[in-house]
Each structure stands twice: as C-alpha cells, then as structure tokens.
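In: need a structure here:
(chains A and B)
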Amino acid sequence: MSTSTVDLVDYDDAVRRYDPVLGLEVHVELGTRTKMFCGAEVEFGGDPNSQVTPVSLGLPGALPVVNRTAVEYAIKIGLALNCSIAESCRFARKNYFYPDNPKNFQTSQYDEPIAYDGYLDVELEDGTVFRVEIERAHMEEDAGKNTHVGGADGRISGAEYSLVDYNRAGIPLVEIVTRPITGVGERAPEIARAYVRTLRDIFRALGVSEARMERGNVRADVNLSLRPTPESPLGTRTETKNVNSFRSVERAVRYEVSRQAAVLDAGATVIQETRHWHELSGITSSGRVKSDAEDYRYFPEPDLVPVAPSRDWVERLRAEQPELPVERRRRLQGEWGYADAEMRDVVNADAVDLIEATVAAGSSPAGARKWWMGELARRAKSDDVELAALPVSPAQVAQLQGLVDSGRINDKLARQALEGVLAGEGDPEDVVVARGLEVVSDDGPLLEAIDAALAAQPDIAEKIRGGNLGPVGAIIGAVMKATRGQADAGRVRELVVERVG
Amino acid sequence: MSEDLTRLTAADMAARLVAGTVTSVELTQAHLDRIAAVDGDVHAFLHVSADDALATARDIDARRVAGEDLHPLAGVPIAIKDVVVTRGMPTTAGSKILEGWVPPYDATLVERVRAAGLPILGKTNMDEFAMGSSTEHSAYGPTRNPWDLDRIPGGSGGGSAAAVAAFEAPLAVGTDTGGSIRQPGAVTGTVGVKPTYGGVSRYGLIALASSLDQAGPVTRTVLDSALLHELIGGHDPRDSTSIAEDLPPLVDAARRGASGDLRGMRIGVVTELDGDGYQEGVRARFAESLDLLRGLGAEVVEVSCPHFEYALGAYYLILPSEASSNLAKFDGMRFGLRAEPAEGPVTAERVMAATRGQGFGDEVKRRIILGTYALSAGYYDAYYGSAQKVRTLVQRDFDAAFEQVDVLVSPTAPTTAFELGAKLDDPLAMYLNDVATIPANLAGVPGLSVPNGVSDDGLPVGFQVLAPAKADDRLYRVGAALERALETSWGGPILAQAPELEVKP
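Out: A predicted model of the protein is given here:
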C-alpha cells in the first residue's frame, strides 16, 4: 500500500457495520471589549501586536485579573446549555512551551469548570430532536497566532522564520465539551453539524459572541470512535482539530468514519491521536500522537482567587436569558406564516438570520424566502459555500423584492438583477439601471408593439375583436418578445383589450 | 567635617525635609556618594540610577518650595530590589537571562514610590530569581555583609539589607517568599517586614512563588518600616490576591509601641522554633529579649505549633512547583537573553532550550527541575498535593495559636551570617536558614524581624514577631517596643556596633 493513499470504506457500508460515537469540543471566542485577564481592547483586524499589555505579552511581573463580563457570558452559555453553575471554581495553569503561548502556560479552567452537567436539544433536518449531553463549559484564554514565512503554504516545515501576533493571546474563550454522544448511527455527520450550528445560534442569541465561523470565532474539535455494536465498549477515538465550518464538521465526521472503518477492517487498531482537517481535500491527516508523555502539569493558578458567582447573580442572569433559537424559530414561523416543511428547509439552509434581516429591511416574508431558498440557495450549492457567504446582503435582497413589488421589474428581470448583484455590480437598483432591466411602463412603445403584433397576426386580432379573449396570450407573448421581456404583462393585456374594443 | 546625612533615620530625614533644613538633592547626593564610596566592597547595587534619583530630588525640592502638599516621605531616597520591575530602569532579578532588559512598565509599588516623590537610588542585588538565603546565587556576584565583608548578607534580599545596613540607602524594598526580607534583616542588623499576603500589591514583582511572595520594607528602624509599608501597601485592583481593605494604622502602632507599654499583650513563644540547630548566641539574645518584653508588661507564654516541622518540606515542594511554571516565560522569544544552539537547526524549541540552559544558574535549574517533577502526572498528589495539605495544617496551627496569644515570636534565623561559600555546596543546609521564617509565608501571615543584639561572634541576630493576617499593626507595636528597650540598653542603634566600612575614594 502506498503511503499517500488511505483506504476508505464506503460511508453507508461503514455505519452498517460499526457504531460511531461522537464527542465535540467547541471553542467560542467571547465578544468582550477587553481580554480575559487584562484591559487590552480586542478588535478584529488590528495591526499585529497592537492589542497587548504586559499581561497578555506575559512580561515578567504582570498579573492576571479575571474579566467579569467574560464570567457573565460563560454563565449565560452554561445556563442556555441547561448546566449547573459552580458556586466556586478555579483557574489552573496548563504548562507547555510554544512561542504563541506568552507565559508558556495557558490559564484555563481544568477540574473546576464554571458550568457542568447540562444538555442541548438539537433539531435535525427532518424535525427529529436529538439530545446531546454536555459535560462541561469552561473558561480559558486564547493563544497568539503564528505566521510562518518562507515555506510552502504558510506551513512551519520549510519556513525561514516565524512571526507571532499576540493580539489574539488572552482573548476569552469558552470551551464546551460534550459527553460521548452515542446512538447517532448513520446520522453522526448530521448530528455533529446540527449541534455546532445550534451552539452558534445560541451564542448569537445570547449576544456573547459574533460567532462568525469564517473568522474563527467558533472552532470545533471533532472526536470520533467506532465500535462494533452499540453494546461494545467505546473504541479508540481520534480528535480532529479546528474544523471551522458546519459543512466541514459534517465532512470530517464522514471521513473519519470511513477511514477508521478501513483501519478496523484491516485488523489494525485506531491510533489515539490528534488529526488535522484539510478543508480543500476534505481529508484528515495524522498530527501528534497523544501519549503519556504529554503532561501539562496542571495546578491551580495561584495568581487568581476562585471565581464564586453569587446565586443572586446567576438567578438574575437566568431570568434575563433571551429567547433561544428553538423558541425564536417557533415565533418567527408564526410571524412569517411558513409551513412546517418550509420553516425546516429555512433552518437547514441556515437562512433564519438572513430571512429575518431581509424582512427587517422591508421585504415580505414570502419574498424573502423565495430568494434565499430559491435562486440564492441554488447559487450557494453550485458555488459550494454557505448562504451567508454569498456576496449579497439581506438589505439587497429586500431591495430586489421591493423592485418586484412596485412593478418596476418582474421576477425574470429580478433574477438578472440578482446576478448583477452577485457579480459585484452594486445594489439591485444600480444593476437595474446599469443593465437597463426596467419594465417598460410607458404606454407608447407598448402600443407600438401591440399594433405591430395585431397587424402581424390578423386572424387572432379578428378573434379578439369578436370578443374571444382566449388567444390574447399570443399577442402578449409577441409584445414581450419585442420588448425583450421588459413589458408588464398585465398592462399589455389591458392595452390589447382597449385597442381592439 | 559636616554631618553625615546618611546616618539619619528615614523618619528624621523626612522631618528635616519638611522643616526645610535639608533638601532632597542633598540627601540623595549624600547617598550616591556613599554608594560610590562603599559599594565596590559591599556590592549591594546592581544598578545605580543617579540621574533619575537626582531629577526626582530636584523636582521634589522645587515642589516643596512651591508649597505643594507632599507625601510625608517625599524626597527620602529609596532602593528597590531588582526583582521589582521599574520602567526605564534595568531589571534583572539577579539573572543573566534578563540582562539588559528594561521593563516598559512600573510595578504598582514603584508607581506609588514615584508618585510619593521618593528618589530611586537604584536596584539591589539578590539571589537569582530570589532563590537563596545568601545572595551568593546572584548571577552578578555576591553582596557582602557590611558587618564582615567575608560573610553573607542573607538572602535572597541581601542587597536591600546590606544597602540599608551600610547607609547606602535609608529605605529599601525587599520581597519575602520564605524569609528573604526577614533573614537578611537578622544577619545585617536591620529591620525587615513581610506584610500579610495580599497587603502589598504583587503587580510588577517578578514572581518566584505566587502564593508565597510578598514585598515589604527593609529599613534601619521599626518606624521607618511602618512609614514605607503604609506607602507601598493597600489594595491594588491589578493584583487579584490583593486585600480589598485599608491597612491597619501601622505608623500609629509603631509610635504607640515605642512608648514602651505592652501591658495586655499576650506573646507566644513557638516551641518548635528554638533548640537544636539554633546558635547559642541566637538563643541567648532571644531569651534576653523575652525578658525585656515581660518587663514592658507583656505576658509571655509557650505555644506549640506541631506542624511547623513539616513546613520546610512543604515549602520546598510548593515553591519549586510554582516557580517552574512562573519561570517558563523566560524563553528568549519576547524579551531578555536569546541564545541560539551551538549547532544544529535554529528552531524555536531549540532556541528556548539554549536560552534557558545559558541564562539560568544552577540553583534556578535545580528548583525548576524539582518543581517540574513535583507537578508531573502521577506525582502531583504525592508531592504538590501533600504539600498543600501540610500548608493547611500550618495555617491551622497559626489559627489555634492566635486563639491564645496576640503575636508569636521566635529567633528570625537559626544562626548569624556565615562565611561566603560555606553552604554553597550544600543546598539543604542553605535551605535550613529559613526554617523559622517559612511558616509565615505558607500561612500568609505577617512577620517582622528586628535586630535584638550581637552574638558571641560579634554578628547581629534578629527577633521575629508574627501576627494574624491583616493584623500587621501588632508587629509594629511589639517590634517598636522591643527596639526602644534594646536601644536604651545599648545606648544607641545596633548599627553603631558595626565596624566602619573602608571608604574608597
């Protein structure tokens, strides 16, 4: 066997013969104004090392102070995940040397998480609700970011030198860890994806993070193992790191199921290891082997006192919990008047936020759904991107529908206008003007075209004059053709009747 | 010959500044001259910031003339232990790994010192990263004891203690993780106070063991320590372990103690901190001091703290564990020394290893290895975990003792200053110097050392007072009372009994 090819078992075959068990670790960057342990302000996209203090640079003598807002956000997340909130919990030091880790230890909660023992009900595509048990949600800080210069594809191997940006170092994170998710069967990929997406929706609903996958605000580590039957003990798992889109979560699970099944089929054992996810090729590759040699020498962080959220505070936060995604969907479905199946499609396409924003920008709910679930969904699929990643905003979609509603363009023209928007030609208004897509509403040119059509088809003209409106469509069709689709069909019909009557 | 201003106490200097009979520039210059004259022998300073100190002095003199309301210690010079970060002033913690590092920020206590207008004379020598009891582990050479230049000045803060004992500074800041303020005080005939844990901000102290470290005053009199303690102490929101309460009135307590009345004060002698291993002269002076205290009206009783005998062992697990993590940041990646491997590829990991290999001294490496081992999976419970349990037992001993008495007392150090090099090859013997001071750090309670005489060998010894957490005022009351009684019996301060240092032009 060549080392470059990996044996894979067909997915359906694999899940017929093995029982997959999932485990998900999701990191969310909290949207606090300042970092977890110091006052450095956090903003996306600042110059390298412009958002640092002696604390986040790990300078000698600097000391951490816990960000109260970050604790509040962590509690909110814990409550939304139906967790118990610790009466007192501590931070620990996770010791390891790496240049992006300024103190050479990460300050993280270890055996005393702020939230523990919860669950999250996840709605699947067909409306089934699957319950995921949450082991814990704990607070920690992010590391800096390394850039490797001079090698291929920014990889460290072959690089001439590396740069470190500590802007991200110390940004507050909450890590949510599930218990082993069993009973998933062939729906493992779908469940993994739905779980991460539901979490993302919760982070946004709570206002604790922008939760933008493409910026790495939400990062998932996917643990997967196979066992012969649901009654067997858990198999050896792999941990695929930094899977950063919903689709990738789904694909990574599928891939690991196929790969591990092939390993087991060959009579070999799965190695407990960290694996890297390769977005483009859709495969995982071996990272470092997890072994006993990896010892983080955790001990309680002596520079911090325990975090002891008062019960009053927790109860106040519980009372203030905003509407969570499931409730919100129910409410929106009522407001929008969508059928169950329609709403489910909207949810599965991750279009709830987009449609809500489109409606807020003035579109009818039906119009918003028509565009996002129709033309735009097709486009996203063919481009293999998430809907939200398309270069069109909800406001533009609302404007497009407004143009249709006002009769300035019809649906066919609107599709052309949308194409222009996606091509970067500006707002729908601009595209309509620039491309000359407006419906011809001036009666003069229409009458000219009608007269020409009637003259060209005298027999039809005769029938209409005789009061038989049946063949009027032929005249309208001819007019539409003559005006290259820019005529308002209703108006043409009126004018034909006037002309012959 | 004009009066030697350096012989004044800090309180007297402050009074003269207020009275206008001396200027801060005169005081500062007198100390800079003294440093120039004796520090070649003593080597208390790693860095002398003459220009900076004189600039501050001139500024304070001008502001005083302008009638500005100044801090009581404004214009009195001070020295800072080199483990405390000072903006724009080199800070090495006695290590090669930080040679040439100039911090971009001030420790909170330095901010307070600067805001109050105390000219900073410079940074004082210390055992590397405060690991040691003799200042011999400084990467920049040892400090010598002004009482006998062939002897150690204690450690780790030997530089601060020697600077004050040699009249190179009236005030100094030290740090005390297991006795690094008090033990040097004892062996140099100076006063040193380790405040209650959380009493003085640790923000800007290069951490040795975070749960044990405390900064505190190093001076020649108990009153001077109280004055400095009040200046640098108090809550700091940048240190999570800082106590969010006002300090008790310390200067008042020192003044009250100096009146000589200790009636109603119950003093407990810790049974376990005496006996074998304590030098004869140390024990004799201790017994005499107890008599003096009785004479002042105090009731002296024996108190047993049965778990103190395990304190040293627990300390030498907790300290290295925390230190191994605190010192991980010294890796050549962001600041300080950066060494490349002698051969082979220059990867980050190998640069870190080369930097740490070259930059750290043997004692630091020893403790990093000990701590790394103690925290390792499989050993954590047996070592770090057990040590924390002992720590709790020591705290309970203190709690029980302070049910019975107001303060506890003991000799500060078991012996007087030993000769340079005498214990360098025997770490365990070196560690035993701190046997009496360590329990206070483990429990977070405050401690003071005040000189209480000279042993048979002609070297000074110290008397330790320990008080309950947040009752630092009791240290000053008892310390000042004993100091006054002793000075009356001696007819002057203890340093008058020290030999004069040779003044080099």
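In: count of residues packed around residue 482?
Out: No chain in the question, so chain A it is. By the criterion of other Cβ atoms under 10 Å in any protein chain shown, A:Ala482 has 19 neighbours. In short, each C-beta sits where N, CA and C put it, glycine included.
In: not quite, I wanted chain B
Out: Residues near B:Leu482, counting by other Cβ under 10 Å, number 27.
In: does it really touch B:Asp291, like I thought?
Out: No: between B:Leu482 and B:Asp291 there is no contact, the gap being 10.9 Å when judged by Cβ atoms under 8 Å.
In: Contact residues of the stretch 251-400 of chain B facing chain A?
Out: With Cβ under 8 Å from any Cβ of the partner chain as the criterion, the stretch 251-400 of chain B comes near chain A at residues B:321-322, B:324-325, B:328-331, B:333-335, B:348-349, B:352, B:372, B:375-377, B:380, B:384.
In: at 7 Å instead, please
Out: When proximity is defined as Cβ under 7 Å from any Cβ of the partner chain, the stretch 251-400 of chain B approaches chain A at B:321-322, B:325, B:328-329, B:331, B:333-335, B:348, B:352, B:372, B:375-377, B:384.
In: where's B:Val187, which helix or strand?
Out: helix B:182-188 (DSSP states H and E).
In: What is whichever helix or strand comes after that helix packed up against?
Out: Going down the chain from helix B:182-188, the next helix or strand is strand B:191-194, by DSSP H and E. Using 3 or more Cβ pairs under 7 Å, 6 or more residues apart in numbering or on different chains; DSSP states H and E, the elements in contact with strand B:191-194 are helix B:182-188, strand B:214-219, helix B:222-232, strand B:447-454.
In: Mind checking these for the one nearest to A:Val314?
Out: The closest of the helices and strands packed on strand B:191-194 to A:Val314 is strand B:214-219. By Cβ to Cβ, the value is 33.9 Å.
In: do that closest one and chain A meet?
Out: No: on the criterion Cβ under 7 Å from any Cβ, strand B:214-219 is out of touch with chain A, staying 11.0 Å away.
In: list the helices and strands that strand packs on?
Out: Looks like strand B:214-219 contacts helix B:158-165, strand B:171-176, strand B:191-194, helix B:222-232 (3+ Cβ pairs under 7 Å, 6+ apart).
In: returning to what we had before: which one of the helices and strands packed on strand B:191-194 has the most crowded surroundings?
Out: Sort the helices and strands packed on strand B:191-194 by mean neighbour count, taking mean count of other Cβ atoms under 10 Å in any protein chain shown, and helix B:182-188 sits at the top with a mean of 36.
In: in the stretch 51-200 of chain A, which spans are helices?
Out: A:68-80, A:188-206 (DSSP state H, counting those that start in this stretch).
In: and the longest one, what does it pack onto?
Out: When you say that, I think you mean helix A:188-206. In terms of contacts (3+ Cβ pairs under 7 Å, 6+ apart), helix A:188-206 is packed against strand A:19-29, helix A:68-80, strand A:115-123, strand A:218-227, helix A:246-265, helix A:325-336.
In: centroid residue for chain B?
Out: B:Ile181 (2.1 Å; Cα atoms, centre = their mean).
In: The helices and strands packed on helix A:188-206 into TSV, with extra columns for mean neighbour count, distance to A:Asp442 and mean pLDDT?
Out: Putting the helices and strands packed on helix A:188-206 into TSV (neighbours: other Cβ atoms under 10 Å in any protein chain shown; distance: least, Cβ to Cβ, whole Å; pLDDT from 0 to 100) gives the following:
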stretch	mean neighbour count	distance to A:Asp442	mean pLDDT
strand A:19-29	22	55	98
helix A:68-80	23	57	98
strand A:115-123	19	51	96
strand A:218-227	24	52	97
helix A:246-265	22	48	96
helix A:325-336	15	36	90
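In: out of the ones you listed, nearest to B:Pro306?
Out: strand A:115-123 (38.5 Å).
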